[in-house]
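Asks: requesting a structural model of the entry that follows:
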Amino acid sequence: MNDYIIAIDQGTTSSRAIVFDHEGKIVSTGQMEHEQIMPHAGWVEHDPKEIWNNTREVIGQALSKANITRHNIKAIGITNQRETTVVWDKNTGEPVYNAIVWQDTRTQKIVDRLADGDTDRYKKKVGLPLATYFAGTKIIWILDNVDGAREKAEAGDLLFGTTDTWVLWNLTGGVNGGVHATDVTNASRTLFMDLESLEWDDEILKDFGVPKSMLPEIRSSSEIYGHAAGESLLRETPIAGILGDQQAATFGQVAFDRGEAKNTYGTGNFMIFNTGEEIVASENGLLTTVAYKLGDQPTNYALEGSIAVTGSLVQWLRDNLGLFSDAAQVEDLAKSVEDNGGAYFVPAFSGLFAPYWRPDARGALVGMTRYVNKGHIARAALEATAFQSTEVLDAVNADSGVDLTELKVDGGMTANDTLMQFQADLLRVPVVKPVVAETTALGAAYAAGLAVGYWKDLDDLRKNWQEDKRWEPQMDEEERDRTYRNWKKAVTKTFDWVDDDVDNS
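Replies: Residues are numbered from 1 along each chain as shown. As a prediction, the model looks like this:
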């Protein structure tokens, strides 16, 4: 019987378990969606217990579909929605509040107070601006708004983790000796980790009022953290890889070297550009983050452009407006028209992330005339994804001084041919998709497999990467420049919406 690696992919909308073989091909998958809880405008939550229960369920699904047991699994990798914040009681294992999701904007007033006019006050040390996006301010909100939480935290009874840490702790036994750890990529998304030392920064924690005892131990992305506990279907199997989802996708795309990049098209879009062992400070609205660290080898860093709303805009058209019943139908609707009819859709539903970082922005559909129909709106929604990614790549080129020659892509929206062609047209470089599009889970599997010797080295992984499809630029340059100019004009119409008269929660 063959041996495999299993990856747990704890994402924003679902949890999955995927079994991979030595060639990096998918053997089986288990998947379950979890509820998106939205108690108020701008608030997004998940139930951590539902996530953990679903994780156990999808592991069973994946093993069953592959007709294998834990004895065929050499290691477990974990990848996760980053920044999403779970705080729980270490004695009972009970979350003190729902997980606050990365998209949630309720902490804007906390951000404003900490920033005191300078959102970049910690950026040199942690690579991030003060923003609602990151985990740090979400922890403050929980400590300040959940009865008894701060007292419990200061007594050492509460633990914090992004969802990788929550899954790892439960998988390794929970209240019975669960491992409380995270990797450098997830730690770099909290606002608390010094990028050079890879340690929690005491001064920043003091400013935030977050007890250090809550925080997980920071480890590399590829090492044995612990073993699955007795009641698990994977009991005694080593958990040996952890990467935040976007870094995992970069790793799965084998973008290991300086100058290599990938763009993931998911709920949001995330472009990561590998800067090697150099920490590059962005002058153009990007984040400086950790790309990966393998055991005791040197750390690899990256520039990242994070876009909040791309695939979730298609979901919004489906669920909130009822333009179609299945997200895949958006392409047919978009292809029913020749162009966007002059309509531009800027989906700043929770402000604008890279490269603007404008929490005061809100979504806008502009350029509307009576000529515009639902086909044009569908097309404008798809084009918004490509426009936003183009702005991020412009910033990457400016910061790095290296013009990208092609863009590797992955994620669910890469199945949309119209979108990918438009992306190549805007970027003026080829867009390339690999055979295995599930690069997030694959990256976590690779990190775990390297730690236990299932794969020998990075060259072993590079051999697995195969091109599936390539889109070459086709659009007339004048038309490309015109539509991109109009997009930039549309973006400015979203600014300054939230002010004292408009609740920014």
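
Asks: ok, residue 16 touching residue 28?
Replies: No. Using C-beta atoms under 8 Å, residue 16 is not in contact with residue 28; the gap is 10.7 Å. Quick note: C-beta positions are derived from backbone N, CA and C, even for glycine.

Asks: of these two, who's got more company?
Replies: residue 16 (24 against 18; other C-beta atoms under 10 Å).

Asks: then the more buried one would be within a helix, right?
Replies: No. Assessed with DSSP: H, G, I helix; E, B strand; the rest coil, residue 16 is strand; it does not lie in a helix.

Asks: and the gap between the most far-flung residue of the chain relative to its centre and residue 341?
Replies: Most distant residue from the mean C-alpha position of the chain: residue 370, 37.7 Å away (C-alpha atoms, centre = their mean). Using C-beta to C-beta, to the nearest Å, we find residue 370 at a distance of 10 Å from residue 341.

Asks: against which helices or strands is the helix or strand that contains residue 394 packed?
Replies: In this structure, residue 394 sits in helix 374-400 according to DSSP states H and E. Applying 3 or more C-beta pairs under 8 Å, 6 or more residues apart in numbering; DSSP states H and E, one finds that helix 374-400 makes contact with strand 261-265, strand 269-276, strand 300-307, helix 311-319, helix 330-335, strand 344-346, helix 417-427, helix 477-492.

Asks: of all those, which lies closest to residue 38?
Replies: helix 311-319 (11.4 Å; C-beta to C-beta).

Asks: dump that closest one to CSV, restricted to CA.
Replies: Extracted in CSV, the C-alpha atoms of helix 311-319 (Å, rounded to 0.1, in the frame of the first residue of the first chain):
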residue,chain,number,x,y,z
GLY,A,311,-14.6,35.7,-5.1
SER,A,312,-16.9,36.8,-2.3
LEU,A,313,-18.2,39.5,-4.7
VAL,A,314,-19.5,36.7,-7.0
GLN,A,315,-21.1,35.1,-3.9
TRP,A,316,-22.7,38.5,-3.1
LEU,A,317,-24.2,38.8,-6.6
ARG,A,318,-25.6,35.3,-6.1
ASP,A,319,-26.8,35.5,-2.5
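
Asks: list the contacts of it.
Replies: 103, 265-269, 309, 323-327, 330, 345, 347, 349, 377-378, 381-382, 384-385, 411-413 (C-beta atoms under 8 Å, 6 or more residues apart in numbering).

Asks: got the angle for it vs strand 269-276?
Replies: 170 degrees (axes from the mean of the first three to the mean of the last three C-alpha atoms, to 10 degrees).

Asks: same for the helix or strand residue 5 falls within, what does it pack against?
Replies: Using DSSP H and E, residue 5 maps to strand 4-10. Secondary-structure packing of strand 4-10 (3+ C-beta pairs under 8 Å, 6+ apart): strand 14-20, helix 48-66, strand 73-80, helix 163-171, helix 439-451.

Asks: go again with 10 Å.
Replies: Judged by 3 or more C-beta pairs under 10 Å, 6 or more residues apart in numbering; DSSP states H and E, strand 4-10 is in contact with strand 14-20, strand 26-33, helix 48-66, strand 73-80, helix 163-171, strand 238-244, helix 245-252, helix 439-451.

Asks: among those, which comes closest to residue 90?
Replies: Nearest to residue 90, of these and by C-beta to C-beta, is helix 163-171 at 8.7 Å.

Asks: how far does the closest one sit from the chain's center?
Replies: With C-alpha atoms, centre = their mean, to the nearest Å as the basis, helix 163-171 stands 17 Å off its chain's centre.

Asks: so where's this structure uncertain?
Replies: 1, 500-505 (pLDDT under 70).

Asks: wait, what's in contact with the closest residue to residue 26 other than its chain neighbours?
Replies: Excluding the flanking residues, the one nearest residue 26 by C-beta to C-beta, 6 or more residues apart in numbering is residue 18, at 5.9 Å. Applying C-beta atoms under 10 Å, 6 or more residues apart in numbering to residue 18 gives the contacts 4-9, 26-31, 58, 62, 66, 77, 79, 436, 438, 440-442, 444-445.

Asks: quick one: residue 18 from residue 436, how far?
Replies: Counting by C-beta to C-beta, the gap from residue 18 to residue 436 is 10 Å.

Asks: which residues are common contacts for the two?
Replies: Each of 26, 442 lies in contact with both residue 18 and residue 436 under the rule C-beta under 10 Å, 6+ apart.

Asks: ok, the residue nearest to residue 395 when sequence neighbours are not counted to residue 209 distance?
Replies: With C-beta to C-beta, 6+ apart as the criterion, residue 395 has its nearest non-adjacent residue at 3.8 Å, and that residue is residue 284. Plainly put, residue 284 is 32 Å away from residue 209 if you go by C-beta to C-beta.

Asks: equivalent analysis for residue 353, please.
Replies: 26 Å.

Asks: repeat for residue 132
Replies: From residue 132 across to residue 209, the span is 17 Å (C-beta to C-beta).

Asks: now residue 104
Replies: 19 Å.

Asks: neighbour-wise, which of these two wins?
Replies: Between residue 104 and residue 209, residue 104 has the larger neighbour count (other C-beta under 10 Å), namely 24 against 14.

Asks: the more buried one: what's it in contact with?
Replies: 38, 40, 42-45, 83-85, 132-133, 137-138, 141, 350, 505.

Asks: and with 8 Å instead?
Replies: Here residue 104 is in contact with 42-45, 132, 138, 350 (criterion: C-beta under 8 Å, 6+ apart).

Asks: any chance of those in JSON lines, plus secondary structure?
Replies: Listed next are those as JSON lines, based on three-state DSSP:
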{"residue": "42", "secondary structure": "coil"}
{"residue": "43", "secondary structure": "coil"}
{"residue": "44", "secondary structure": "coil"}
{"residue": "45", "secondary structure": "strand"}
{"residue": "132", "secondary structure": "coil"}
{"residue": "138", "secondary structure": "helix"}
{"residue": "350", "secondary structure": "coil"}
